[in-house]
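# Got a sequence here, can you build the structure:
(one chain, ligands or ions: 1)
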Amino acid sequence: MIYLDHAATTPVDPRVAAAMRAVLEDPLAFANPSSMHAAGRAAAARIETARAQVAALVGAPPDDLIFTSGATESDNLAILGVARGRADFGRHIVTARTEHKAVLDACKRLVKEGYVVTFLEPAVDGRIDPMNLRAALRPDTQLVSIMHANNETGVVQDVAALAAVCRAHEVFLHVDAAQSAGKIPLDVCAAGLDLVSLSAHKMYGPKGIGALYVAPRVRPWLVPLAFGGGQERGLRPGTLATHQIVGFGAAAAIAACELDQDADRVRTLVQRFRAALGSLADLRWNDHPTARLPGVVSLSIADVEGESLLAALPELAVSSGAACDASRGEPSYVLRAAGVPAELAQSTLRIAFGRGNTPADAERAAELITAAVARLRACYARRMTTGDWHSGAAGSQRSGTHVICQLRADHAGRVAQVHFAAYGCPAVMAALDLLEQRWPGLPLGGDGALPAALGTPVEWAQAVAAPVEKLGRFLVVEDAMRLATLSAVDAARGT
Ligand SMILES: *Cc1c(COP(=O)(O)O)cnc(C)c1O
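Here you go, the predicted model:
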């Protein structure tokens, strides 16, 4: 398997694992870092070293960084914490439609609590125009939350420009930097950011640990989400996880040291990948030409269904650009906002190269994608054109299922041959294979009704173990079959 999903998570760097192992195996490092005895102080010292390492990566004073369980918690603490802490001054928050779920869902929670949230639309290049941000600010706005680099497209925002707008209006700016930290330069002080979320597992560190940078001017206004032993200035109480934090520190130190070299390497891989895909027609690249993460590309491919494309690439660990929305069957808003049509948005691949990838990986991935796309497109495009074929079509690419049923009848009024040309998910495609075998030999129904022996859409869905939400797609199949049957019956009557 070729792992090209480094925007979802990264493997733990062996040097990070070694640092964590050293903590776990040291007979004294287990002590509670809050304890006053020598062992506790030694654990606390390891934590402070790690804090300095993470802080150095993003240009923050170590004292302004608190450890959390990851960027999700950091986003929630920043947004809920400031919104609640500043509630007496106003209850308006500004964010973007293209933010990570951790930000969007925290904002939705605030709407339930009576806050008003403005969701900015990015421009077609994926970026938030500082002028649009300024126009969205109101006298009661307390917080703006805009991510640094987008997790689906890799598009990078000009956070310093956005911070300048916020500063001029005395509004705090929170930036989710989970995707960008360690990948591109970030200096939270120079950029004038107020709150910044970080995650270790996006930068070759362990899962379950992250940080929130809290500028001193924000600290008095941040209300914690949990209450307890007072650790992390009381903003994030709970016994600190020494080994996780040491791993995060090691990952940050390596990222800081190797940032340029890592970026150059993955940039070269992206170039190779793009060049190798050059022969594939009807591709759309969704990433920004310049303001982008070096290792991430997003491409939408016309005339192939997204789920089927992923299923046709078992050797590649990649994401559909719409991973978070896939379960809901909605095309990714991030891509829709960037002007990608719905039917294209749902056939999108996000390829994120990382430290372990080689040029051979980039070329092999392009080769596999080219072959899979050719296969799926050929199946969709195969139209039976000789005289006695009848066809019926139903659905649309936009809805995720487009089926063209083509059949030939014999002189006795039975179905002789069936072929489906289809754009659909793997479950629908499997059902079509089944029907191509079941249908020949059965009689054509006079009024377009399908013979009972063929089963029902519910049975087809069950036969291919499709979840019940997908039933609608099997009804599309039935519609196409009925229309083809009617066309064949009409032709038989006409002769
Ligand atoms: C991965 C990610 C998160 C969530 O981070 P966790 O540490 O897994 O909670 C939040 N925001 C963005 C942009 C991310 O890419």
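# so residue 118 touches residue 92, yeah?
Yes. Residue 118 is in contact with residue 92 according to C-beta atoms under 8 Å; the separation is 7.1 Å. For the C-beta atoms, the positions are set from N, CA and C on the backbone; glycine is no exception.
# Show me which residues of the stretch 151-300 of the chain sit near the ligand.
Residues of the stretch 151-300 of the chain lying near the ligand by C-beta under 6 Å from any ligand atom: 151, 176, 178, 179, 199, 201, 202, 210.
# Try it again at 5 Å.
Residues of the stretch 151-300 of the chain that fall close to the ligand, judged by C-beta under 5 Å from any ligand atom: 151, 176, 178, 179, 199, 210.
# Report the spatially closest residue to the closest residue to the ligand within the chain, excluding sequence-adjacent ones.
For the chain and the ligand, the shortest gap (C-beta to the nearest ligand atom) falls at residue 70, measuring 2.6 Å. Excluding the flanking residues, the one nearest residue 70 by C-beta to C-beta, 6 or more residues apart in numbering is residue 210, at 3.9 Å.
# I figured that neighbour hits residue 76, correct?
No. Using C-beta under 8 Å, residue 210 is not in contact with residue 76; the gap is 11.0 Å.
# If you count surrounding residues, which of those two has more?
When neighbours are counted by other C-beta atoms under 10 Å, residue 210 and residue 76 differ, and residue 210 comes out ahead with 27 against 19.
# so that one bridges to which residues?
For residue 210, the beta-bridge partners are residue 68, residue 199 (DSSP bridges).
# residues touching it, list them.
67-74, 178, 197-200, 248 (C-beta atoms under 8 Å, 6 or more residues apart in numbering).
# That one and residue 247: what is the separation?
To residue 247, residue 210 is 12 Å away according to C-beta to C-beta, to the nearest Å.
# Could you name every residue contacting both of those two?
residue 200.
# Could you list the low-pLDDT ranges of the stretch 301-450 of the chain?
The model of the stretch 301-450 of the chain has pLDDT under 70 over residues 321-331.
# What are the boundaries of the helices in it?
With DSSP state H, counting those that start in this stretch, the ranges of helices along the stretch 301-450 of the chain come out as 306-311, 323-326, 333-337, 342-345, 359-381, 426-438.
# Return the list of helices and strands in contact with the first one.
Secondary-structure packing of helix 306-311 (3 or more C-beta pairs under 8 Å, 6 or more residues apart in numbering; DSSP states H and E): strand 319-320, strand 348-352, helix 359-381, helix 426-438.
# Can you give the contact residues for it?
Applying C-beta under 8 Å, 6+ apart, the contact partners of helix 306-311 are 301, 318, 320, 322, 326, 346-349, 372-373, 376, 424-426, 429.
# Likewise for the fifth one?
When contacts are defined by C-beta under 8 Å, 6+ apart, helix 359-381 is touched by residues 2, 4, 268-270, 272-273, 276-277, 279-280, 301, 303-305, 308-309, 312-313, 315-316, 318, 349, 351, 353, 402, 421-423, 429.
# Which of those are buried? Put it as a PyMOL command.
In PyMOL, a selection of the buried entries from those looks like this (16 or more other C-beta atoms under 10 Å):
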select buried, resi 2+4+269+270+272+273+276+277+280+301+303+304+305+308+309+312+313+316+318+349+351+353+402+421+422+423+429
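# in stretch 126-135, what's buried?
Buried residues in stretch 126-135, counting neighbours by 16+ other C-beta under 10 Å, are found at 126, 127, 128, 129, 130, 132, 133.
# pretty sure residue 77 is in a helix, no?
Yes. Checked against DSSP: H, G, I helix; E, B strand; the rest coil, residue 77 lies within a helix.
# roughly how far apart are it and residue 70?
Computed as C-beta to C-beta, the residue 77 to residue 70 distance reads 11 Å.
# For those two, indicate the residue with more neighbours.
Neighbours were counted for residue 77 and for residue 70 using other C-beta under 10 Å; residue 77 has more, 25 against 20.
# I figured the more buried one hits residue 235, correct?
Yes. Counting by C-beta under 8 Å, residue 77 touches residue 235, with 7.1 Å between them.
# Does residue 144 touch residue 176 like I think?
No. Residue 144 is beyond contact range of residue 176, at 11.8 Å (criterion: C-beta under 8 Å).
# Which of these two has more residues huddled nearby?
More crowded of residue 144 and residue 176, by other C-beta under 10 Å: residue 176, with 30 against 26.
# For that one, give the beta-bridge partners.
Residue 176 has these beta-bridge partners by DSSP bridges: residue 197.
# check contacts around it.
Neighbouring residues of residue 176 by C-beta under 8 Å, 6+ apart: 71, 74, 75, 99, 100, 102, 103, 145, 147, 148, 196, 197.
# cutoff 7 Å now
By C-beta atoms under 7 Å, 6 or more residues apart in numbering, residue 176 lies in contact with 71, 75, 99, 100, 103, 147, 148, 197.
# For residue 248, give me the backbone phi and psi.
Dihedral pair for residue 248: phi -60, psi -40, per degrees, to the nearest 10.
# Any figure for the gap between it and residue 199?
From residue 248 to residue 199 the distance is 9 Å (C-beta to C-beta).
# Distance of the spatially closest residue to residue 419 that is not a sequence neighbour relative to residue 99?
Nearest residue to residue 419 in three dimensions, chain neighbours excluded: residue 406, at 4.7 Å (C-beta to C-beta, 6+ apart). Distance check for residue 406 against residue 99: by C-beta to C-beta, it reads 45 Å.
# Look at these two and report which has more neighbours.
Neighbours per residue, other C-beta under 10 Å: of residue 406 and residue 99, the larger number sits with residue 99, 24 against 21.
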